[in-house]
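> Compute the structure for the input listed below.
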Amino acid sequence: MIGLHIGIWNANGLPHKVVDLEQVLHRHSMDLMPYLQCAIVLFPIDLGNVNITACYWSPNHSISANDYNCLFGQLGADFLIGGDWNTKHRL
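Numbers count the residues shown, from 1 in each chain. From the prediction side, this is the model:
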């Protein structure tokens, strides 16, 4: 059996829905990173689950090692990730 879970949160009127958002984050063990936008699809395969992820990282926020650890920790052991990271090479 194949299962698919998709979650979308519309930020319009968010100040009036803080309690609802906190409940969703707690219920699904999610961390909120407002400067990161991700679409994550879980694919169950014979060998286990694989998360396919597309991300957009706001250029107004620096990416720290902790940010990466938080994101990768949410994705589990097997994932494929791509997107617009807004990174700059400093060398």
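
> C-terminal to the helix or strand of the chain with the lowest mean pLDDT, what's the next element?
Every helix and strand in the chain was compared by mean pLDDT, DSSP states H and E; the lowest is helix 18-27, with a mean of 74. Sequence-wise, the next helix or strand downstream of helix 18-27 (DSSP states H and E) is strand 36-45.

> show me what contacts Cys55?
Leu36, Gln37, Cys38, Leu71, Ile81, Gly82, Gly83, Asp84, Trp85 (CB atoms under 8 Å, 6 or more residues apart in numbering). From N, CA and C alone the C-beta is placed, and that goes for glycine too.

> Starting from Asp46, give me the distance back to Gln74.
To Asp46, Gln74 is 23 Å away according to CB to CB, to the nearest Å.

> can you check Gln23 too?
Counting by CB to CB, the gap from Gln23 to Asp46 is 35 Å.

> Which residue of these two possesses the greater neighbour count?
Neighbour tally, Gln23 and Asp46, criterion other CB atoms under 10 Å: the higher count belongs to Gln23, 11 against 4.

> and Tyr35, what does it touch?
Trp57, Ser58, Asn60, His61.

> Residues contacting stretch 75-91, please?
Contacts of stretch 75-91 (CB under 8 Å, 6+ apart): 38, 40, 48-59, 63, 72.

> Now rank these by neighbours and give me the top one.
Trp57 (20 neighbours).
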